[in-house]
Every structure is written in C-alpha cells, then in structure tokens.
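*Asks:* sequence first, predicted coordinates after that:
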Amino acid sequence: MVNKLDSKCIEEWFAKGVHVAPSGARTANQLLFDVFPARVAHALRAGNKVEPEHHEVVTIFFSDIVGFTDISRALQPIEVMEMLDRLYAKFDAIARKHDIFKVETIGDAYMAVANLVKGQTNHTERIAKFAMDAIQTANETMIKDDQPDLGCVNIRVGFHSGPVVSSVVGNMNPRFCLFGDTVNTSSRMESSSKKNGIHLSEAAAVYLVQQAPSAQITCRGILPIKGKGDMKTYWLLGFAPDDREPDSSDSSILPDVMQQATLAY
C-alpha cells in the first residue's frame with residue numbers, strides 16, 4: 001500500500017530547506033515539480049494517495065565515477081561534495097537538454113530515465129545522446145579546481161530498456177522510485193562497463209537501432225553479468241556524422257540487432 005501524504009507534510013518538508021527570495025528564487029512548489037513527475041507532484045500537493053504506475057518500456061541510464069574511492073581518500077569530504085555538485089549540476093542541465101527525467105543521485109551514482117514522465121518514442125536515442133554528452137562533460141570537469149594535477153573526472157555508463165513500475169515510497173522524506181528487473185539490469189550494465197565506456201544491453205541496442213539508425217554500436221560479446229547470468233551486450237561508439245544512416249556493410253551494426261529492431265514496437 002502506498003502511503004498518503006497530506007498537504008501539511010509536503011509544506012513542512014520543503015519549508016525546512018527552501019527559502020523564497022523576491023528575485024527569481026525557486027519556490028517550494030517549483031522544487032516539488034523538479035523532484036517529482038507532474039502526476040505525482042499534483043497528487044502530493046493535493047494530499048492524495050499516489051498510485052503505482054506501470055510503464056511498458058523505459059530506458060534507464062546509470063553512471064558512476066571511476067576511482068571514486070581513491071578520490072574520496074585524497075580529498076576532504078567537503079571537496080568531494082563540491083566536485084559532485086559541479087559535475088551533477090552539469091548533468092542536470094544536459095538532462096534538461098535531452099528532456100529526460102533525473103531520478104536520483106546516490107553517492108557518485110547518477111540515475112535518469114526516458115519515456116517515463118511523458119511519452120517519448122525515441123527514449124533510447126535520448127538516453128544514448130545524453131550518455132555521450134555526460135562522458136564529454138565529465139572529462140572536462142576537474143576533480144579539484146585548484147589542483148589540476150588530479151585531472152578530470154572519468155565515468156562509466158550503462159543503460160537498458162524494459163518495463164518498470166514507478167511510485168512514491170514512504171511519508172518521511174518521500175522518494176520517487178522505480179521498481180523492476182529493468183532497474184537492476186541497467187545498474188549491471190553500468191557496473192560492468194569500462195572507463196568512459198557506454199555499455200548497453202541487447203534490448204537497448206534493439207531499440208536504439210530502431211530509433212536512431214545512425215547509431216554506431218559494436219557487440220561486446222556474451223558476458224557473465226552478476227545476478228543475470230550470461231548476456232549479450234554492446235558498446236555505443238557514437239553516431240554517424242550529420243545523422244547519416246550507416247552503410248549496410250558497416251560491421252559495427254550487428255545484423256541480429258538490425259533484424260530484431262522491427263520487433264521492438
């Protein structure tokens with residue numbers, strides 16, 4: 001059962017950390033609609049129960065920072081926080097650019113989703129292009145601005161497409177969450193990725209080739225994925241220039257994926 005949150009609870013929740021200034025500061029209401037999808041925000045604002053919602057297919061993005069344990073050991077906690085704030089403020093801007101929904105950050109992990117809060121027939125393409133921009137942005141973000149010798153951030157990325165259920169969990173510091181094996185698989189694509197690599201499942205590859213024929217992917221092979229068993233996975237290499245469709249002889253676009261793409265919808 002999903003707990004009902006009353007309007008007073010919501011007001012008190014945001015009143016703790018939101019201060020409204022006269023010159024363009026975000027209001028509690030604006031923040032509510034940033035944190036939750038509109039359907040959920042309206043329900044919470046009205047004090048109504050938030051019903052779980054099934055989504056037939058979404059594409060979920062995960063990333064984390066390569067060497068984050070070592071970075072955390074080398075920096076003071078406040079410096080780690082400042083690095084993450086700088087990086088994820090940029091990721092948030094990219095998410096808005098590609099019109100995808102940021103679900104949450106947990107430590108150094110960033111999670112986002114497409115085709116959840118609105119219908120997006122090109123959801124996998126959006127996530128793929130977001131992933132490419134995220135890697136470029138990370139590689140341009142200094143670990144510590146006044147210590148260039150520490151270099152820039154490197155991330156690993158993974159994504160997967162499939163069904164989920166979304167809802168709000170709890171009534172103290174309520175969280176918008178996604179549930180289902182799609183979430184687990186997306187996370188596994190990220191954890192089994194490599195430095196500055198974009199790792200995707202076969203299901204995501206099928207959708208991507210359907211939605212963006214210019215996508216350049218190559219088969220990584222069949223890998224043992226923790227908790228999933230053997231899976232055939234792929235790397236996203238980029239997109240052909242000027243959205244040119246790749247030549248049919250291009251070996252980076254696997255025939256089995258091309259054949260399955262017509263079955264994705």
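*Replies:* Structure received.
*Asks:* low-confidence ranges in this structure?
*Replies:* Within the chain, the segments meeting pLDDT under 70 span 1-26, 28, 242-265.
*Asks:* residue closest to the middle of it?
*Replies:* Geometric centre of the chain, nearest residue: Ala112, 2.3 Å, by CA atoms, centre = their mean.
*Asks:* for that residue, phi and psi?
*Replies:* phi -140, psi 160 (degrees, to the nearest 10).
*Asks:* in contact with the residue lying closest to Thr233 once chain neighbours are set aside, which residues?
*Replies:* Nearest residue to Thr233, sequence neighbours excluded (CB to CB, 6 or more residues apart in numbering): Arg220, at 4.8 Å. Any C-beta I mention is one placed from the backbone N, CA and C, and that applies to glycine too. For Arg220, the contacting residues are His199, Lys232, Thr233, Tyr234, Trp235, by CB atoms under 8 Å, 6 or more residues apart in numbering.
*Asks:* can you rerun that using 10 Å?
*Replies:* Arg220 makes contact with Ser192, Ser193, Lys194, Gly197, His199, Leu200, Met231, Lys232, Thr233, Tyr234, Trp235, according to CB atoms under 10 Å, 6 or more residues apart in numbering.
*Asks:* so which of those residues wins on neighbours?
*Replies:* Leu200 (31 neighbours; other CB atoms under 10 Å).
*Asks:* that one: what's it in contact with?
*Replies:* Neighbouring residues of Leu200 by CB under 10 Å, 6+ apart: 59, 61, 124, 127-128, 131, 157-161, 186, 189, 193, 206-208, 215, 217, 220, 233-236.
*Asks:* partner strands of the helix or strand where it lies, parallel or antiparallel?
*Replies:* In this structure, Leu200 sits in strand 198-201 according to DSSP states H and E. With DSSP bridges as the test, strand 198-201 is paired with strand 155-169 (parallel), strand 229-239 (antiparallel).
*Asks:* could you export those to CSV, including columns for distance to Thr69?
*Replies:* What follows is the strands paired with strand 198-201, written out as CSV (distance: least, CB to CB, whole Å):
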stretch, distance to Thr69
strand 155-169, 14
strand 229-239, 25
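*Asks:* among the ones you listed, which is the most enclosed?
*Replies:* Across the strands paired with strand 198-201, averaging neighbours per residue (mean count of other CB atoms under 10 Å) puts strand 155-169 on top, at a mean of 22.
*Asks:* all strands for this structure, in order.
*Replies:* With strands called from DSSP state E, the chain shows them at 53-65, 101-106, 109-114, 155-169, 175-179, 198-201, 215-225, 229-239.
*Asks:* neighbours of the nearest residue to Leu237 once chain neighbours are set aside, just the number please.
*Replies:* Closest residue in space to Leu237, ignoring its immediate chain neighbours: Gln216 at 4.2 Å, by CB to CB, 6+ apart. Using other CB under 10 Å, Gln216 has 15 other residues around it.
*Asks:* just Gln136 next, same as before
*Replies:* By other CB under 10 Å, 12 other residues sit near Gln136.
*Asks:* and it, what does it touch?
*Replies:* So Gln136 contacts Ile94, Asn196 (CB under 10 Å, 6+ apart).
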